[in-house]
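[1] structure for the following, please:
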Amino acid sequence: MNSSTVPAFRVGVIGAGRVGAVLSAALRAAGHEVVAAAGESDASHLRIADLLPGVPNEKPSAVARSCDLLLLTVPDDMLPNVVAMLSASGAIREGQYVVHTSGRHGLAVLDPAAAVGARVIAMHPAMTFTGTAVDLPRLSGCVFGLTASAGERAVVEGLVADLGGRAMWVGEEMRTLYHAGLAHGANHLVTLVSEAMEILTAAGADDPAGTLRPLLTAALDNALAQGDAALTGPIVRGDVNTVRAHVAEIAANAPQTMASYVALARATVDRAVTDGRLLPIRAAKIRRVLDEAVAPATRPRPRASLQ
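    Numbering: from 1, shown residues only. Reported below is the predicted structural model:
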């Protein structure tokens, strides 16, 4: 049953991808009626069948016309065109709530909908999704980055409460920076962990994920609680020779990971110097090692021929 301060909406979702199908299913469980969904791929069809049984798969314009709360969960680059086309065709109407889940975009991308009288909201869940029922309990406590006008604030706060999440207000001009912070942390973490597993595999580890799990779990918890104070390892200790040995072995056995190792090591040096844990003289030596690791191989210049 719907227990928030907002009414039970007739919800339509355009873009039944990982985010759209899960959020729609969660709103349905909270007492809202999901009346239609739009998804073109085979994966979207399966998500609708699994997470939204009985909900018809319709064309986007039909979905928009059938609901009083339209959830747009299409990719960022598609969102402007989708909003413009639905607004121009009359599928979006006055008084309708139009909610997108893009982290990058704020309200400006919904200007065509606002121009026809729709009530527009940006509501981005700061979570990664599998697009399965596994995600539903994960919404509990999830932060939603919200941007809305004063008249829509109570409604979007109620929707977030129905989803079990927590509201965080993000200024229109800060949406892209907010999204960059999330992407830098989550997306690049996946790249970092994948490369660390590649290095361990090259070292002969038969279970690189199991080897890393306790270490990374502790490191992540400590970093979230303590920030830079959680740094450990050879750089913060100023162990120049250890770093030199690292880059030599990486060059020989896992060269595809060298660029990111060096980039992150440089950033770690800078942060360790700033918080006073690494002496500048040690930092300079480590930076030279890192620079040499990615410097192009130098070849002797051919001698000019004498004629």
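[2] for the nearest residue to Leu279 once chain neighbours are set aside, the count of nearby residues, please.
    Spatially, and ignoring its direct neighbours in sequence, Leu279 is nearest to Gly238 (6.4 Å; CB to CB, 6 or more residues apart in numbering). For every residue, glycine as well, the C-beta is placed using N, CA and C. The tally of other residues near Gly238 (other CB atoms under 10 Å) stands at 18.
[3] pLDDT score for Gly238?
    pLDDT, Gly238: 96.
[4] what of Ala297?
    Looking at Ala297, its pLDDT reads 56.
[5] again, but for the one 5 residues further on
    In the prediction, the pLDDT value recorded for Pro302 is 51.
[6] separation between Ala284 and Leu290?
    Distance, Ala284 to Leu290, by CB to CB, to the nearest Å: 11 Å.
[7] ignore what I typed, I meant His124.
    Applying CB to CB to His124 and Leu290 gives a distance of 36 Å.
[8] same thing with His32?
    Taken as CB to CB, the span from His32 to Leu290 is 53 Å.
[9] what sits against the residue nearest to Ala108 when sequence neighbours are not counted?
    Closest residue to Ala108 apart from its sequence neighbours, by CB to CB, 6+ apart: Glu172 at 6.8 Å. The contact partners of Glu172, by CB atoms under 8 Å, 6 or more residues apart in numbering, come to 106-108, 147.
[10] Ala259 now?
    Here Ala259 is in contact with Val294 (CB under 8 Å, 6+ apart).
[11] tell me the SS of it?
    What DSSP: H, G, I helix; E, B strand; the rest coil gives for Ala259 is helix.
[12] repeat for the one 4 residues further on
    With three-state DSSP as the basis, the three-state label of Ala263 is helix.
[13] check Met168 too.
    strand.
[14] just confirm it contacts Val143, I think it does.
    Yes. When contacts are counted by CB atoms under 8 Å, Met168 is listed as touching Val143 (5.1 Å).
[15] overlap in contacts of these two?
    What both Met168 and Val143 touch, as defined by CB under 8 Å, 6+ apart, is the set Ala126.
[16] that older thread, widest-spaced pair of the contacts of Glu172?
    Ala108 and Thr147 (9.6 Å; CB to CB).
[17] more neighbours: which of those two?
    Using other CB under 10 Å as the criterion, Ala108 and Thr147 rank with Thr147 on top: 26 against 14.
[18] ok, now which ones touch the more buried one?
    106-107, 121-122, 169-172, 175.
[19] quick one, which of these are buried?
    106-107, 121-122, 170, 175 (16 or more other CB atoms under 10 Å).
[20] which one of those residues is nearest Leu163?
    When these are compared against Leu163 (criterion: CB to CB), the nearest one is Ile121, at 13.2 Å.
[21] the helix or strand containing that closest one packs against which elements?
    If you go by DSSP states H and E, Ile121 is part of strand 119-125. Where contact means 3 or more CB pairs under 8 Å, 6 or more residues apart in numbering; DSSP states H and E, strand 119-125 is packed against strand 97-100, strand 143-148, helix 153-162.
[22] which positions within the second one qualify as buried?
    This points to strand 143-148. 144-148.
[23] low pLDDT regions in the stretch 1-150 of the chain?
    Flagging of the stretch 1-150 of the chain using pLDDT under 70 yields the residue ranges 1-4.
[24] buried residues in the host helix or strand of Glu292?
    Element membership for Glu292 (DSSP H and E) is helix 280-294. Within helix 280-294, the residues that count as buried by 16+ other CB under 10 Å are 282-283, 285-287, 289-290, 293.
[25] got it, and stretch 191-210?
    195-197, 199-200, 202, 208.
[26] and the residues you listed, which of them are in strands?
    Among the buried residues of stretch 191-210, no member falls in strands (DSSP state E).
[27] and of these, the nearest to Ala263?
    Glu195 (11.3 Å).
[28] what's the spacing between the closest residue to the closest one other than its chain neighbours and His105?
    Nearest residue to Glu195 in three dimensions, chain neighbours excluded: Thr257, at 4.2 Å (CB to CB, 6+ apart). Separation of Thr257 from His105 (CB to CB): 33 Å.
[29] where along the chain do the helices fall?
    18-29, 42-51, 60-66, 79-88, 111-115, 135-138, 153-162, 175-202, 208-226, 234-237, 240-253, 258-274, 280-294 (DSSP state H).
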